[in-house]
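Q: Sharing a model prediction with you, sequence too.
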Amino acid sequence: MRFLGEGAVVFNSLTWQTHLLPAELAAVAAEICELAASGPVTPERLQQQLARESGLSCEDFEALVAALSEIGLLDA
């Protein structure tokens with residue numbers, strides 16, 4: 001992952017796809033990178049981390065998990 005301004009570019013080496021993340025997803029992706037240092041990042045771990053920092057609704061969190069799982073940033 002490389003940050004470009006407030007956004008980021010993510011390359012998935014398994015699928016060879018590149019994804020451009022808007023600022024909101026780039027911020028969450030940065031959290032995922034920090035969490036990954038201490039083990040696999042599951043939706044539950046991410047939700048606990050984000051619950052401490054923001055007020056995401058369950059609907060918003062589910063959409064976020066789906067988007068991040070689709071591009072390979074989250075172990076769903």
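A: Looks like it arrived, so ask away.

Q: Counting neighbours, what do you get for the closest residue to residue 39 other than its chain neighbours?
A: Nearest residue to residue 39, sequence neighbours excluded (Cβ to Cβ, 6 or more residues apart in numbering): residue 45, at 7.7 Å. Heads up, the C-betas are built off the backbone N, CA and C, glycines and all. Neighbours of residue 45 under the rule other Cβ atoms under 10 Å: 18.

Q: Let me see the contact set for the residue positioned nearest the centre of the chain.
A: Among the residues of the chain, the one closest to the centroid is residue 29, at 3.5 Å (Cα atoms, centre = their mean). Residue 29 sits next to 1, 8, 10, 21, 68, 73 when contact means Cβ atoms under 8 Å, 6 or more residues apart in numbering.

Q: on that earlier part again, host element of the residue nearest to residue 39?
A: Element membership for residue 45, per DSSP states H and E: helix 43-53.

Q: Looking at that helix now, give me its mean pLDDT.
A: Confidence over helix 43-53 (mean pLDDT, whole number) is 82.

Q: What helices and strands are in contact with the one helix or strand residue 64 maps to?
A: Per DSSP H and E: residue 64 is located in helix 58-70. Identification of packing neighbours for helix 58-70 by 3 or more Cβ pairs under 8 Å, 6 or more residues apart in numbering; DSSP states H and E yields helix 23-36, helix 43-53.
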